[in-house]
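Colleague: How does the following fold in three dimensions:
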Amino acid sequence: MGRKKNRLKGLIPGVDYVSVNPDTPLGKFIIEVEKGKYKPRVRDKNVPEMILEDSVRFSWSRLAETAKILYDEPKDAHDVLVKGATKKLFKQTDPKTYMLCRMLENERKKKKNKARKFNSIVNENLAACCAYIDIPIEHVYPSKTYMKQNPDWKKDKQFKYAHLDRQPVLSSIIEKHRRLVKYNKKAWNQYLKDGSINF
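Modeller: From the prediction side, this is the model:
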């Protein structure tokens, strides 16, 4: 058996190295590092974000100081606050969506529409629906049935500016209806009851 090389030969204790008891947490950590068992923790934040998080105490009085650190101009900080406030987290249902859903529900309850699919009801009332979702009806292609019956539909002035496929527009209207009427029943019933919209 060969002799173990002394790695500490020629080094001064307390200056070049510190002896650590292997039973202490630090000693166990050093042994893990040497054996390659230690894996550093992966963080989702970068170093500047962690420094900022540790150094700044968040309060209304310190908001201006924090903004000065992060942004060159006050307008930049203001723009970020406004943009953050309009994200989905804070976004409320548009009042036009309530009116759109009420119109569609009234159409669906009509006797002639009882057996029809909701997609065809929306398709029939697309011009009115487009007014509620701020898409001009002239920008939407005609239905496939209309295209088959009128091969020269492109010459029609009504569709001169058409560039949006019809089905995605119909799907977006149906989705707006589903999110409010089906999944936000409390707000919808409140609107039907007294016409108020809770923000």
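
Colleague: wait, what's in contact with Arg166?
Modeller: For Arg166, the contact set (CB atoms under 8 Å, 6 or more residues apart in numbering) comprises Asn123, Leu126, Val140, Tyr141, Pro142, Ser143, Lys144. Quick note: C-beta positions are derived from backbone N, CA and C, even for glycine.

Colleague: wait, the fifth one sits on Lys160?
Modeller: No - using CB atoms under 8 Å, Pro142 is not in contact with Lys160, being 12.0 Å away.

Colleague: More neighbours: the two, which one.
Modeller: Each of Pro142 and Lys160 has its neighbours counted (other CB atoms under 10 Å); Pro142 has more, 17 against 9.

Colleague: Out of the contacts of Arg166, who's the most crowded?
Modeller: Among the contacts of Arg166, Val140 has the most neighbours (other CB under 10 Å), with 21 neighbours.

Colleague: what's the pLDDT at that one?
Modeller: Looking at Val140, its pLDDT is 89.

Colleague: Give me the neighbour count for the closest residue to it other than its chain neighbours.
Modeller: Using CB to CB, 6 or more residues apart in numbering and skipping the chain neighbours, the partner closest in space to Val140 is Leu164 (4.9 Å). Residues lying near Leu164 (other CB under 10 Å) number 16.

Colleague: For Leu164, give its distance to Pro74.
Modeller: For Leu164, the distance to Pro74 equals 40 Å [CB to CB, to the nearest Å].

Colleague: sorry, back to before: so of the contacts of Arg166, which ones are in helices?
Modeller: Assigned to helices by DSSP state H, the following of the contacts of Arg166 qualify: Asn123, Leu126, Lys144.
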